[in-house]
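**Student:** Here is my input; please provide its structure:
(one chain, ligands or ions: 1)
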Amino acid sequence: AAAASNGPRVLILGGGVSGVIAARTLHQSGIDNFVIVEARDELGGRMMTTTFGGKTIEQGANWIQGTQTGKGPANPIFTLAKKHNVSTQLNDWSGSVTTFDTTGAVDWLDVFDASGDDFDDMTVAAGARVDQNLVDLSARTGYSLIKAKPKTDQERAAEYYQYDWEYAQTPEESSLIASAWGNNFTYNTDQGGFSEDNLMSIDQRGFKALIQLEAQDFLTPSQIQLNSVVKNITYSKSGVTVTLTNGKTLTGDYALCTFSLGVLQNDDVKFQPELPDFKQEAIQSMVMGTFTKIFLKFPKKFWFDTEMGIFADSTRGRYPVWQSLDHPNFFPGSGILFVTVTGDFSIRIEALSDQKVQAEVMEVVRMMYPNITVPEPSEFFFPRWHTNTLFRGSYSNWPPALSSQHIDNLRANVGRLYFSGEATSRKYFGFLQGAYFEGQTAANNILACIKGPTCANLEHFTQINNVLPYENN
Ligand SMILES: Cc1cc2nc3c(=O)[nH]c(=O)nc-3n(C[C@H](O)[C@H](O)[C@H](O)COP(=O)(O)OP(=O)(O)OC[C@H]3O[C@@H](n4cnc5c(N)ncnc54)[C@H](O)[C@@H]3O)c2cc1C
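**Tutor:** Below you'll find the model as predicted:
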């Protein structure tokens, strides 16, 4: 608390990865007069666990996506996981897969493998567009241009696995160029990516241990305010005042807002004055996707021995991606299986009762195993990210016809109020590493102002114009 009386005060709004790393960055530069304001009763944000079937399972982020290759760039989340001894296992998304359709287990791994090649070709084509400064297209158009045009249920399910299961939205809904960036900067070592590996956290302290333990290393109790929901943010060129739902106010010389894009989009927090047009356009241009893991616990395992299963239904995106936690590498003997849905299908099931969703899921399990008497699960759970007012979705995704200036505008400060989070990351939106790097960058921008002599505003574009007039004659 002694340090709290010295120097300018910074309010860090949100205690997820971005907020904690911003705080650490300030601390490392000798600025300790800050407070992290967090609605929930713990740090970690979308790194969130629950207890299910006797195990700690991950409701949100679960994988370190991209690690490190040799002495190349390291994913900072991988570095933190090693530092805090977070227990992880390699998860083989491409080589340990069992395929199903509505008649049961049917081998269509050839279709699956071809779809992986299509995805790679699509990202290469996207990269070529960047090099030539060509406009963005949808990822669907990108697929069609490389002649990947899924026609069968199996082809559609394979494409879903490659695409929607990562971006939480369809190729129609997504930017071709941004989805290639999202992939390459993380996985493709030729493009500065970390590695192709996906490590799944199986740590029983939760994946969140890596950020909570990191926070413990430098935060003092007076630097954290948990159970504090921000209702109002008043900002100007000289400072920021925040009002909580309990009526308390906090004042800072600077503030960093790390709330999810979904929270900003839904007016859950009021800004005074209203955010400028350029900012509102950027906020409403990016999209918040939803990624929903649905957990089932059975008395004992009756399913595939691979890590992953894919189910091809006539409806694209209907309970398609399955993962066995009752596997020697994860939680052997646990009887836990989970299935993931995304996008509109997630929004749809969030509006249904658990019972109804369980009945739909069990209908699919029984299609996958027509010759087995499958019992009802003894436990059933899924988180509702889209309706959760502290998140309003799982992570961001760029829609087609990406305007690069919108990313700058999403991140730009308004007066003394700064912004960061996974959604403001050009290279790593949607990923933990995006939240990390953006927290670091935002704190460095605030530090540049604090340390002066001049305080530059971040670049923003008042209007984003079309390259040519709409009518040319
Ligand atoms: C289901 C799911 C699966 C994912 N899988 C992966 C994965 O495997 N690998 C990966 O790299 N990434 C994954 N992600 C993405 C990753 O979790 C996020 O990119 C990252 O955690 C975002 O961190 P952040 O700090 O930007 O935001 P957040 O974690 O959302 O932090 C913002 C904080 O603000 C708080 N807050 C919101 N509103 C208010 C308010 N009004 N007042 C006070 N506090 C408020 C929230 O409680 C939250 O703690 C996944 C996300 C989800 C949801």
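
**Student:** I'd guess residue 279 is in a helix, am I close?
**Tutor:** Yes. Assessed with DSSP: H, G, I helix; E, B strand; the rest coil, residue 279 lies in a helix.

**Student:** Any part of stretch 27-40 near the ligand?
**Tutor:** Yes. Shown here: stretch 27-40 in contact with the ligand (CB under 6 Å from any ligand atom) through 37, 38, 39, 40. For every residue, glycine as well, the C-beta is placed using N, CA and C.

**Student:** got the residues of the stretch 351-473 of the chain near the ligand?
**Tutor:** So the stretch 351-473 of the chain meets the ligand at 385, 390, 391, 394, 395, 421, 422, 430, 431, 432, 434, 435 (CB under 6 Å from any ligand atom).

**Student:** Looking at those, state which has the most neighbours.
**Tutor:** Within these, residue 435 tops the neighbour count with 36 neighbours, counted by other CB atoms under 10 Å.

**Student:** Wait, residue 137 touches residue 401, no?
**Tutor:** Yes. Shown here, residue 137 and residue 401 form a contact pair, counting by CB atoms under 8 Å, at 7.3 Å.

**Student:** Closest to the ligand out of the residues of stretch 27-40 next to the ligand?
**Tutor:** Distance ranking of the residues of stretch 27-40 next to the ligand against the ligand, using CB to the nearest ligand atom, places residue 39 first at 3.4 Å.

**Student:** where does residue 296 land in three-state SS?
**Tutor:** Going by three-state DSSP: residue 296 is strand.

**Student:** Contacts only, for the closest residue to the ligand within the stretch 201-350 of the chain.
**Tutor:** Per CB to the nearest ligand atom, residue 230 is where the stretch 201-350 of the chain lies closest to the ligand, at 3.6 Å. Applying CB atoms under 8 Å, 6 or more residues apart in numbering, one finds that residue 230 lies in contact with 13, 37, 39, 242, 243, 244, 245, 259, 269.

**Student:** Show me the helices in the chain, by range?
**Tutor:** Secondary structure of the chain (DSSP state H): helices at 17-28, 76-83, 109-131, 139-145, 153-162, 164-167, 176-187, 209-216, 261-265, 277-285, 343-350, 354-368, 404-411, 432-451.

**Student:** quick one, which of these is nearest to residue 103?
**Tutor:** Of all the helices of the chain, it is helix 354-368 that lies closest to residue 103, at 7.6 Å by CB to CB.

**Student:** on contacts alone, who are the packing partners of the closest one?
**Tutor:** Counting contacts by 3 or more CB pairs under 8 Å, 6 or more residues apart in numbering; DSSP states H and E, helix 354-368 is packed against strand 104-105, strand 291-297, strand 308-312, strand 379-381.

**Student:** ok, and what's touching the last one?
**Tutor:** Looking back up the chat, that one is strand 379-381. 50, 52, 53, 294, 295, 296, 297, 354, 357, 358, 361.

**Student:** got it, and the longest one?
**Tutor:** When contacts are taken as CB under 8 Å, 6+ apart, the neighbours of strand 291-297 outside the stretch itself are 52-53, 57-59, 62, 168, 319, 334-342, 346, 349-350, 357, 361, 365, 377-385, 394-395.

**Student:** do that again at 7 Å, thanks
**Tutor:** 52-53, 57, 168, 335-342, 346, 349, 357, 361, 377-383, 385, 394-395 (CB atoms under 7 Å, 6 or more residues apart in numbering).

**Student:** Equivalent analysis for stretch 20-30, please.
**Tutor:** 10, 12, 34, 36, 43, 211, 214-215, 218-219, 223, 256, 420, 436, 439-440, 442-444, 447.

**Student:** could you dump the helices and strands packed on helix 354-368 to a markdown table with mean neighbour count?
**Tutor:** Below are these laid out as a markdown table (neighbours: other CB atoms under 10 Å):
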| stretch | mean neighbour count |
| --- | --- |
| strand 104-105 | 14 |
| strand 291-297 | 23 |
| strand 308-312 | 23 |
| strand 379-381 | 16 |
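
**Student:** what's the neighbour count on the nearest residue to residue 135 once chain neighbours are set aside?
**Tutor:** Nearest residue to residue 135 in three dimensions, chain neighbours excluded: residue 401, at 7.0 Å (CB to CB, 6 or more residues apart in numbering). By the criterion of other CB under 10 Å, residue 401 has 13 neighbours.

**Student:** does residue 401 really touch residue 136, like I thought?
**Tutor:** Yes. If you go by CB atoms under 7 Å, residue 401 and residue 136 touch, sitting 5.1 Å apart.

**Student:** Between those two, which contacts overlap?
**Tutor:** What both residue 401 and residue 136 touch, as defined by CB under 7 Å, 6+ apart, is an empty set.

**Student:** quick revisit: filter the contacts of stretch 20-30 down to the buried ones.
**Tutor:** For the contacts of stretch 20-30, a neighbour count by 16 or more other CB atoms under 10 Å gives the buried set as 10, 12, 34, 36, 43, 211, 214-215, 219, 223, 256, 420, 436, 439-440, 442-443, 447.

**Student:** now for stretch 95-110, what's the gap between its first and last residues?
**Tutor:** Distance across stretch 95-110, first residue to last, is 12 Å (CA to CA, to the nearest Å).
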